[in-house]
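Peer 1: structure for the following, please:
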Amino acid sequence: MNDANLELERYELREPQRYEFATDRRVFNATLGAGLMLLLARDNSHAQPGRRQPRRGEPLGDRLHVAEDGIVTVLTSKVEVGQGSRTQITQAAAEELRLPIEKIQLVMADTEQCPDDGGTAGSRTTPSTVPRVRSACAAARERLVELAAATLEVEPGEVQYDRGTFTTAGRTMSLADLVREAEVAESLQAPPNGEAQVRRVSEWQVLGVPTNKVGAEAIVTGQHRYPSDYQLPGMEYGKVLRPPSYGAKLTSIDLEAGQKLEGVTVVRDGDFVGCTAPSSWQAGKAIEALVATAEWETVDHPSSENLFTHLKETAREGGGRRGRRGGGAAGDVDAALESANQSIDSSFEIAYIQHAPMEPRAAVAEWSDGKLTVWTGSQQPSRVEGELRGAFGLRGDGVRVIVPDTGGGFGGKHTGEAAVEAARLAKAAGKPVSLRWTREEEFTWAYFRPAGLIEVKAALDDQGRIVAWDFANYNSGGSALDTPYRVPNKRERVLECDSPLRQGSYRALASTANTFAREVAMDELAELAGVDPLDFRLAHLEEGRLRNVLVAATEKFGWRKRRAEGRNIGLACGTEKGSYVAACVEADVVDGEVQNLLVCQAYECGAIHNPTNLRSQVEGAIVMGLGAALREAMEFSDGQIQNASFYSYEVPRMRDLPEMELVLVNRPDLPSVGAGETPIIAIAPALAGAVYAATGGRSRSMPLKLG
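Peer 2: Coordinates of the predicted model:
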C-alpha cells in the first residue's frame, strides 16, 4: 500500500468511475457465456490496481537487467514530472552498483515492465522507493561479485569490484565481460541471499553529490517527447464534448452534425460524446458542430462569491475530521478560553486554485488484438490502468499504461480521465488516437486544490503563554493540522463540506492552508502578548528539528537586526511529511502590489541525496507558494469557471520572483525524506507577516488582500 493514498484529503482517490461505457451484446456474451451472473461490489478506494508491489525476497531480475555492454537497466513505477526522481533513483542505483551514472538506464512507469512501487505522491519516492532500489542493487552487486569470482576461479572475498570492473590477483574482468561469459540473467532470477549491505551515508560517492538532471539536454533542446508529443502511424486526433456548466446533463444531440464532416468519426456512449479526425483542427470543428445541436439540463451551482458561506452551511463532522496523522483534543479548551484574559477569534479563507502544469492532460491510446496500450501523463500509472480496466471490462494483461516524463503534475495528475477518453475514441475509430486537453479544459475539468475556511480561537495566560488552542478546518483537510507548539488545552479537527468544485491532491495537500492559518494566528498572539514573533515561537517550541530550522533561517536572514531597523518582515515555520521548514520574508507593498521581495528559507529533510536538485525543489516550491499567496484563485459563477486561462488566472510572473537565500540543512545522521512538498508551506504566512508590517492590515486569506 502506498502510504500517500491514506491521506484523507486526496479526495480524487474517492471518486467513482467517471465513465461507464456500454458493452455490446456480443462482447458481453463472449465474456460471460451462458448462465447466471452475480455481481458483488466492495470498496477499493484505497487499493493499488495493476501489478503487485515488490516484496522482500522477490527475484532481482524483476528490478534490474544487465546488458552485454555493461549497461544496467533499473525499473520502477515512479514517474518523472519535473521533480527530479529520474536523477535521484539513477543515483541510488549507481551508488549501490558501484557504477557511473551514465551506466544506468532507468525505465519508469510502464505497468507491463515495472514493479509497482506505488504512485508518485506524498513525497514517498525518497523514503520508500529509493531504499527498495538501493537494497535490490546492493543484492545484485553481491550476486555479480559471486559470479565473477566463480568465473575467475577464486573466492568472492578475493574479488575487488568498483565502477564496473572486477579485480583479483592482478587479473581484471569488466561487467560486460562477465555478462558475456556467465549466466547473469539466470542468476538474477533468484531472490537475494538475505539483506544486502548498502553504503553508509559517510561512504556515499554518488548520492549526496551535486548532480545535474538526467536527460536535461533532450529537454532543453526540445528532443524529449512528452505525452502530448507522442505520435503513432495512422493516428487520429480526438476531442470530447464538454458540458456548458458543472452538473449539466445532456438531454438531446444531433450526431449527424458531426458525422457529415469528412473524415470525422463521432461516438456517443452514455454521457460520453466525442469525435476523431485526421487533425486536431478538424476534430475541433466537429465538436463545434455538435455543440450547436446539443441541449442540456443545467442545475444551480454556488459561486466563488458565496463560497465560504456555502462551506460553513454544509459543514458536518465526518471521517476526515482528524486527517491521516492529526487532530483530536487535549485538556479543557472551552474552560481555558473562557477564563483567559487575552484571546483571538480569527477566520481564514483559502481559495480553490489550479495546479497549472505546463503540459495539460494528454494521452495516446491504441487497441491491437484486443489489448489496450495508453501513453499518458499521470502520477499514478497503476491507478490509470485500473480505471481503464474498469471502463472497458478488461482482464489479465489486456491493458498497458506507459508514462513518459511529463510536463508537471504537482499532485494534479492522479486520475486517468484523458487516458479513458482517448481509449474510447480509439476504440470507435479503429485507429490510435491522441487526445490533448486544452488549457481551458485543464482549468475547468481537472480537480482543484480544496478551498478551506479555517477558524482559530486561542488564548494567553498572564505570562503570555498559549493556554488554549481551538482550530477548525472546513473542507480542505488534515495535513499539518496538529500544532507543533506547546499548548496544554487544544482541539483540532476537520469538518467535511459539500465542495462546489472537483477537488483533490495538491502539492503538500492541506498543509499549505493549515500552516498559513496557524502561523498568522501565532503572529496575532505574539502581538497580543507584546513579544517578538520569533521569541514567541521559540518560547512555545521544544528543542528539536523545527526549532533548529527556525534558528537557521532567522540567523541567516538577520531577523533581529532587520526588526530593530523597522523593516517590513515576517516569518513562519512548519513541518509536514517528516521534514522541516522555516521562512523569513522582507517586502514592501506599493499601490497594492508586493515589491522588493526577499525570501530566506531554511529546509531540512534528513540526509540530502542531491543538493542541486534539492535547491531546485525548494526554489520551485517558494515560487509556487507565492502564486497562491499573491493572486491565484479560481473564480466561478453559474457553474462556469471565469478565469480558465493564463491571461486571467495569474501564476507568478518574472516580476514576482524574489531574491532568495536558502539554507539546506544536511542531517546525515537522519533518514532521508521527500522534499517535493514541505518547502511550499511557510512562504505565504511569512509574506503575510511582512505585508502586515508594511500596511498595518492583517490579511487572513489566500491569496492575500493587499489593499
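
Peer 1: tell me the helix or strand right after the worst-scoring helix or strand of the chain on mean pLDDT.
Peer 2: Among the helical and strand segments of the chain, the one scoring lowest on mean pLDDT, DSSP states H and E is helix 25-32, with a mean of 39. Following helix 25-32 in sequence order, the next helix or strand is strand 64-66 (DSSP states H and E).

Peer 1: next up, the contacts around the closest residue to Arg486 other than its chain neighbours.
Peer 2: Leaving aside its sequence neighbours, Arg486 sits nearest to His540 (CB to CB, 6 or more residues apart in numbering; 4.9 Å). Every residue, glycine included, has its C-beta placed from N, CA and C. With contact taken as CB atoms under 8 Å, 6 or more residues apart in numbering, His540 is in contact with Arg465, Ile466, Tyr485, Arg486, Val487.

Peer 1: please apply the same query to Gly530.
Peer 2: So Gly530 contacts Gly464 (CB under 8 Å, 6+ apart).

Peer 1: could I get the phi/psi values of it?
Peer 2: In terms of degrees, to the nearest 10, the main-chain angles of Gly530 are phi 70, psi 30.

Peer 1: what about it, distance to Gln463?
Peer 2: 12 Å (CB to CB, to the nearest Å).

Peer 1: could you do Leu571 as well?
Peer 2: For Leu571, the distance to Gln463 - CB to CB - is 22 Å.

Peer 1: those two: which is more packed in?
Peer 2: Each of Leu571 and Gln463 has its neighbours counted (other CB atoms under 10 Å); Leu571 has more, 27 against 8.

Peer 1: helix or strand for the more buried one, which one?
Peer 2: Assigned by DSSP H and E, Leu571 falls within strand 569-576.

Peer 1: elements contacting that strand?
Peer 2: The helices and strands touching strand 569-576, judged by 3 or more CB pairs under 8 Å, 6 or more residues apart in numbering; DSSP states H and E, are helix 511-529, helix 533-540, helix 545-557, helix 559-564, strand 579-590, helix 683-695.

Peer 1: and the angle from that strand to strand 579-590?
Peer 2: For strand 569-576 against strand 579-590, the angle between stretch directions is 150 degrees (axes from the mean of the first three to the mean of the last three CA atoms, to 10 degrees).

Peer 1: so for strand 569-576, what gets flagged as buried?
Peer 2: Ile569, Gly570, Leu571, Ala572, Cys573, Gly574, Thr575, Glu576 (16 or more other CB atoms under 10 Å).

Peer 1: would a markdown table of the residues you listed with pLDDT and distance to Ser187 be doable?
Peer 2: Listed next are the buried residues of strand 569-576 as a markdown table, based on pLDDT from 0 to 100; distance: CB to CB, whole Å:
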| residue | pLDDT | distance to Ser187 |
| --- | --- | --- |
| Ile569 | 98 | 61 |
| Gly570 | 98 | 59 |
| Leu571 | 98 | 56 |
| Ala572 | 99 | 54 |
| Cys573 | 98 | 51 |
| Gly574 | 98 | 48 |
| Thr575 | 98 | 45 |
| Glu576 | 97 | 43 |
